[in-house]
Every structure is written in structure tokens, then in C-alpha cells.
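Enquirer: could you look at this predicted model? Sequence included:
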Amino acid sequence: MIASSGHGFGLAVFPLAAGTIALVFGAMLIRRFADRRRPHEGVWAAALLMFAAASLAMFLGVVRGWQSPDFRVYWLFGAILNVPFLAQGEVYLLVRSRRAGHLVFACVLALAVFAGWKVSTATIDPVPLSKTLPLGKEVFGDGSAPYRLSQLYAFPAYFFLLGGSVWSALKMKGRPELRNRTAGAVGIALGATVVAVGSGVGAGFGIVPLFSVGLALGIGLMFWGFLRSSRPAARSPKPV
């Protein structure tokens, strides 16, 4: 497909920044997973690499004009699969049974393969690709499988992620030794919310700067939350 004309680096710099942060974030999680073999860190690393791929695809689409491969990558990894993989990390943290966590992850992987097949084989309308930020319902069709999958996958996963993070923060509240983990959980939940609001409002109403800034700010907050939660636990005050 022939690319449409680009829309300028001014709008593309924010998804580029978001993708760069996500790559650094993902690399840190991969290193931690290699050292500690904690499943939630491995799944979150995959989610962050998906976020980076989607953000960089958006950067290319905005700066030089969208092509169908750009939009497929952006939609699959950004609109459909990213949040479910973040939520899977929360499953590993909240569910005590490792076997149950693996079973849920197997279901997530099966759903991811199905989504990849649907997005890669879906028919694309080239006309909306001329926009700065094409909508999935325009590119794939309002009733198409890729558009519906973004709703069926991402919405429930987001609310689970948000609820799990808030629940974790409330559970750790009042325990000074867990202060860093509490602040980190709040930061991760807040970052996911900023991305959700920025993408929902920005894409829905065609406000590309809001969408772009929301990506960079949201991933930045999530990164801060991860770094804060990774600090050594504060020591409990000694009894007098």
C-alpha cells in the first residue's frame, strides 16, 4: 500500500518517547526476570515490548503516513493485547497458586494467537489511513473482528488491572515497610488510567495531541511506579 503524506514530527515525537521508555522499561524487566524467574515480571516485559511496538508503529504512521502493516502492529499490540498481558502480570501477583496463574496465562496466549490471526488477515480500508490517527472501526469496519476484539479483550483486562492495583495498595496501606510497593502500585494504576483515558478520548474525538501525550505520560508514570516498587523495603520503626 502506498503511504499517505506524513503529518509532522511534532505529533510523532510523543509516541516515539513512549516507545523509547517502554523499551527501556521492558529491558529492565527482562533482566529482572532472567535473574529471579518471577512470572509477573516476564509477562510485564512482554506487555512493555508490545507497548513499544505499538508506539513505534504509531510514530512511523504519523511521521511518514500510515501503511497497512503499521496499523496492524499498532492495533494488535496496542489496542488488543497490551492490557491483557499487563493484567496477566497482576494475576500472577494476586493468585497464590502458580498452577492457576499458568492456566490463565495459557488462555491469554490462546486468545492472543486468535487475535493475531484475525488482525493479520482482516481487510483494511485504505481511505482512513490518510488521517493522522485512523480509528479501528473505520480501518477494519465497525462490526469487524479486530475492532470487537479490542473491546472484548482490553476493557475487562483494564478494569481487572486497575482493581487489582487499587486492592494491592489498600492491602499494603498503613505498613511503613511496604510504603514503596504501595506507591508503586498506585503509580502503575494511575499510568494505565492515563493511557486508557488519553487513548479513548484522544482517538474517539480525533485529538491526536491528547492521545500522543497520554501515551508518553502514562508509560512514564508506570515506569516510575515500577522503579518505586523496586526500592528496598523500608525498615519498620523499632519499638521504644
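Expert: Perfect, thanks for sending it.

Enquirer: spatially central residue for this protein, please.
Expert: Nearest to the mean C-alpha position of the chain, counting by C-alpha atoms, centre = their mean, stands N82 at 4.2 Å.

Enquirer: what ranges do the helices span in this structure?
Expert: If DSSP state H is used as the criterion, the helices of the chain fall at 9-36, 39-64, 68-73, 82-94, 98-121, 136-139, 145-172, 179-204, 208-229.

Enquirer: which of these sits closest to P128?
Expert: Smallest distance to P128 across these (C-beta to C-beta): 3.9 Å, for helix 136-139. In this view, the C-beta of every residue, glycine as well, is placed from N, C-alpha and C.

Enquirer: distance between that closest one and the chain's centre?
Expert: Relative to its chain's centre, helix 136-139 lies at 20 Å (C-alpha atoms, centre = their mean, to the nearest Å).

Enquirer: who are the packing partners of it?
Expert: helix 145-172 (3 or more C-beta pairs under 8 Å, 6 or more residues apart in numbering; DSSP states H and E).

Enquirer: hang on, the earlier thing: least reliable of the helices of the chain by average pLDDT, please.
Expert: Out of the helices of the chain, helix 179-204 stands lowest, with a mean of 75 (criterion: mean pLDDT).

Enquirer: now the closest residue in space to the residue nearest to the centre of the chain that isn't next to it in sequence: how far from A183?
Expert: When the adjacent residues along the chain are set aside, N82 lies closest to M50, with 4.7 Å between them (C-beta to C-beta, 6 or more residues apart in numbering). M50 sits 25 Å away from A183 when distances are taken as C-beta to C-beta, to the nearest Å.

Enquirer: compare those two and say which is more crowded by neighbours.
Expert: It is M50, of M50 and A183, that has more neighbours when counted by other C-beta atoms under 10 Å, with 24 against 17.

Enquirer: pLDDT at A234, what is it?
Expert: Confidence at A234, expressed as pLDDT, is 55.

Enquirer: could we number from 49 for the rest of this?
Expert: Understood, numbering begins at 49; the last thing we discussed is A282.

Enquirer: can I get the helices of the chain in JSON lines including distance to L177?
Expert: Output for these, formatted as JSON lines (distance: least, C-beta to C-beta, whole Å):
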{"stretch": "helix 57-84", "distance to L177": "15"}
{"stretch": "helix 87-112", "distance to L177": "8"}
{"stretch": "helix 116-121", "distance to L177": "7"}
{"stretch": "helix 130-142", "distance to L177": "21"}
{"stretch": "helix 146-169", "distance to L177": "15"}
{"stretch": "helix 184-187", "distance to L177": "7"}
{"stretch": "helix 193-220", "distance to L177": "14"}
{"stretch": "helix 227-252", "distance to L177": "14"}
{"stretch": "helix 256-277", "distance to L177": "14"}
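
Enquirer: circling back: touching, the residue nearest to N130 and L129? I think so.
Expert: Yes. Using C-beta atoms under 8 Å, M98 is in contact with L129, at 5.7 Å.

Enquirer: can you pull the contacts of L269?
Expert: The neighbourhood of L269, defined by C-beta atoms under 8 Å, 6 or more residues apart in numbering, consists of 235-236, 238-239, 242.

Enquirer: what about stretch 207-220, distance to the chain center?
Expert: In terms of C-alpha atoms, centre = their mean, the centre of stretch 207-220 is set 17 Å apart from its chain centre.

Enquirer: cool, and stretch 206-226?
Expert: The answer for stretch 206-226 is 19 Å, by C-alpha atoms, centre = their mean.
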